[in-house]
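>>> Have a look at this fold, sequence not included:
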């Protein structure tokens, strides 16, 4: 489950890494406050159990200053997310719920922010062991924001939650619902990035069900329908996992490796595939 979900801290790091300093004046000053707060927050996250109260208070104070003083700065959007994450990480759940509500009010037309707010509501309940309430929030996220990065992951997330608790019956039911959800999403967004994402998550769902035959069919479908260097790099490790380690079908693995060979030009990858094919053919003579 941890590998699946895009943790809010990592989202913030990725977003901030992609931002450039935006000139002078209010925008620059806002980014300076945000950067200072994040630097402290990352240090706290590395050793949360030994973080002094004064350091925690400083992060909260600086983020709240950013939101109050520069409400319309570009970076302030991510300040809202950072403050919400700060409250969740430090088990200030009432404050976290208020922060989630603030995001919904301020960014009422931003699906990405609304999905973050909705996911956080569920996460707050989940961390308090109030799963039924968390599930209700996650279902709303799935239904209202299925095209967001968080929304599309919810069906698989729920299944993996049940798996982590050893609730096999509930997990299987959730995974079956996820398979249906991803098939529908792939059909509706066929040939687009969202369709590809749904297709990949379908593979992961079949793997979670240990239905390697269905996972293999979904993998082959995705490789053929979404041929690109990026998709091949993401999906190639699954060829070995599914067809060699679990289905004992090396000939199918060779077939898919050769297919990818015909579609790419990168010499390093071609050499890697050539070695994989040669090894499999020698081993299975």
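Yep, it's here. Quick caveat: nothing in here was measured; it's all calculated off a predicted structure.

>>> Check what contacts stretch 169-182 and list those residues.
Stretch 169-182 is touched from outside by 142, 146, 155-156, 158-160, 162-163, 198-199, 201-202, 205-206, 208-209, with contacts defined as C-beta atoms under 8 Å, 6 or more residues apart in numbering. For every residue, glycine as well, the C-beta is placed using N, CA and C.

>>> Ok, stretch 221-230 next?
Residues contacting stretch 221-230 (C-beta under 8 Å, 6+ apart): 190-191, 195-196, 199-200, 203, 231-232, 235, 256, 259-260, 263-264, 266.

>>> First-to-last residue distance for it?
In terms of C-alpha to C-alpha, to the nearest Å, the two terminal residues of stretch 221-230 are separated by 16 Å.

>>> and that stretch, what's its mean pLDDT?
For stretch 221-230, mean pLDDT rounds to 96.

>>> Just the buried positions in it, please.
Judged by neighbour count using 16 or more other C-beta atoms under 10 Å, the buried positions of stretch 221-230 are 222-223, 226.

>>> again with stretch 61-69
For stretch 61-69, by 16+ other C-beta under 10 Å, it's 62-63, 66-67.

>>> Just give me how far it sits from the chain centre.
Here stretch 61-69 is found 28 Å from its chain centre; the criterion is C-alpha atoms, centre = their mean, to the nearest Å.

>>> can you check stretch 95-108 too?
21 Å.

>>> Mind jotting down where the helices sit in the chain?
In the chain, the helices defined using DSSP state H lie at 8-18, 26-46, 53-69, 76-89, 93-106, 111-127, 131-144, 154-164, 168-188, 193-208, 212-225, 229-239, 250-261, 267-283.

>>> contacting residues for residue 185?
146, 152, 194-195, 198.

>>> Could I get these in TSV, plus columns for pLDDT?
Compiled in TSV, those are given as follows (pLDDT from 0 to 100):
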residue	pLDDT
146	97
152	98
194	97
195	98
198	98
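
>>> Let's see if you can find the most crowded of those.
Using other C-beta atoms under 10 Å as the neighbour criterion, residue 198 leads the contacts of residue 185 with 25 neighbours.
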